[in-house]
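**Student:** The amino acid sequence is not available; the structure is as follows:
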């Protein structure tokens, strides 16, 4: 689900800021503009390549949201959290917000901050298309179970 949201988000950004041709080559999304070619995908180089493609949008919430997602993909969770929070502060755009909140939910889950992950999932449930809600509710239950398990383990160790 995250990769699909990421692809839609990239499409939204570039369709609104430049001429664009999108194609898929192996596992990377190739964004071709009239000025340059930007390759973004789920690998370590994608962060830097995407930043190069968005240099002219220096204070862009879109840039922060995508960069946060890319940092998450390469395991840099603190940077992913920072970039996603910047995106949320800078925008009211729904695509950008969904990307940023999704990334935060993933970061909080992987760093075992389940309460925060649940809050992000709650935000997403209120703000995404109804077709995504069953998956989000399932994810919320998983997080609630992980939180309960974590609490039990902490109580046992006391």
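**Tutor:** Looks like it arrived, so ask away. Everything quoted here is computed from the prediction, not taken from an experiment. Residues are numbered from 1 along each chain as shown.
**Student:** For this protein, just list every one of the helices.
**Tutor:** 2-17, 44-53, 61-73, 77-90, 94-110, 114-127, 133-157 (DSSP state H).
**Student:** Point out the most buried one among the ones you listed.
**Tutor:** Of all these, helix 61-73 carries the top mean neighbour count, a mean of 25, counting by mean count of other C-beta atoms under 10 Å. C-betas here are computed from N, CA, C, even on glycine.
**Student:** What is it packed up against?
**Tutor:** helix 2-17, helix 44-53, helix 77-90, helix 94-110 (3 or more C-beta pairs under 8 Å, 6 or more residues apart in numbering; DSSP states H and E).
**Student:** could the helices of the chain go into a markdown table alongside mean pLDDT?
**Tutor:** Listed next are the helices of the chain as a markdown table, based on pLDDT from 0 to 100:
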| stretch | mean pLDDT |
| --- | --- |
| helix 2-17 | 50 |
| helix 44-53 | 61 |
| helix 61-73 | 86 |
| helix 77-90 | 94 |
| helix 94-110 | 92 |
| helix 114-127 | 95 |
| helix 133-157 | 93 |
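**Student:** What sits closest to residue 114 if chain neighbours are left out?
**Tutor:** Nearest residue to residue 114, sequence neighbours excluded (C-beta to C-beta, 6 or more residues apart in numbering): residue 147, at 3.9 Å.
**Student:** so what's that neighbour up against?
**Tutor:** 114, 115, 118 (C-beta atoms under 8 Å, 6 or more residues apart in numbering).
**Student:** From residue 139, how far off is it?
**Tutor:** Noted for residue 147: a distance of 13 Å to residue 139, by C-beta to C-beta, to the nearest Å.
**Student:** Residue 126 now?
**Tutor:** Here residue 126 is placed at a distance of 14 Å from residue 139 (C-beta to C-beta).
**Student:** Over to residue 84?
**Tutor:** Separation of residue 84 from residue 139 (C-beta to C-beta): 17 Å.
**Student:** same deal with residue 71?
**Tutor:** For residue 71, the distance to residue 139 equals 21 Å [C-beta to C-beta].
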